[in-house]
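Q: Give me a model of this one.
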Amino acid sequence: EYRGLVKHTGGCHCGAVRFEVWASADLHVFNCNCSICTKKQNRHFIVPASHFKLLKGDDNLTTYTFNTHRAQHTFCKTCGVQSFYTPRSNPDEYGIAPHCLDDGTVQTTVTENINGKEWEKATKEHKTIRDTSKP
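A: Numbering: from 1, shown residues only. Predicted structure coming up:
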């Protein structure tokens with residue numbers, strides 16, 4: 001158990017992939033405008049790897065990479081939903097899609113736009129994107 005955090009559960013559309021994640025009930029979600037995030041409307045919040053647990057579906061995940069191949073865009077082989085991924089900005093952490101969480105544990109959501117079209121500049125200048133250890 002993580003002090004001040006709640007356990008959220010979630011998964012893909014078909015239910016083949018399920019996970020739990022410890023995060024604040026008040027989510028800080030990033031809305032990125034890079035090429036892939038724009039195409040798939042990838043809004044996400046970032047958590048340390050220690051706060052994430054895949055409950056089922058490891059064998060039903062596949063991964064897409066491009067450009068630097070640092071971001072690992074994992075998605076369900078059956079329904080195609082990306083409920084989490086490994087972000088380029090935080091390769092030892094997880095980006096969680098808040099819309100893939102089960103109902104009942106999120107109190108509020110604040111969405112912040114991030115200029116992924118100028119990724120290097122945006123992540124260098126951003127105050128909190130690389131420090132997700134604090135709720």
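Q: Quick check: closest non-adjacent residue to residue 54.
A: Of all residues not flanking residue 54 in the chain, residue 19 sits nearest, at 5.2 Å (CB to CB, 6 or more residues apart in numbering). Any C-beta I mention is one placed from the backbone N, CA and C, and that applies to glycine too.
Q: what residues are up against the one you found?
A: 9-11, 52-55, 83-84 (CB atoms under 8 Å, 6 or more residues apart in numbering).
Q: looking only at pLDDT, what's the mean for stretch 70-80?
A: This predicted structure assigns stretch 70-80 an average pLDDT of 93.
Q: in that stretch, what's buried?
A: 71-76 (16 or more other CB atoms under 10 Å).
Q: Let's see that stretch as CSV, backbone CA atoms only.
A: Extracted C-alpha coordinates of stretch 70-80, given in CSV (Å, rounded to 0.1, in the frame of the first residue of the first chain):
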residue,chain,number,x,y,z
ARG,A,70,12.4,4.2,-26.6
ALA,A,71,8.7,4.5,-26.2
GLN,A,72,7.0,1.1,-26.0
HIS,A,73,3.5,1.5,-27.3
THR,A,74,1.9,-1.7,-26.0
PHE,A,75,-1.6,-2.7,-26.9
CYS,A,76,-4.0,-5.6,-26.8
LYS,A,77,-3.7,-8.0,-29.7
THR,A,78,-7.5,-8.7,-29.6
CYS,A,79,-9.2,-5.3,-29.3
GLY,A,80,-6.3,-3.0,-30.1
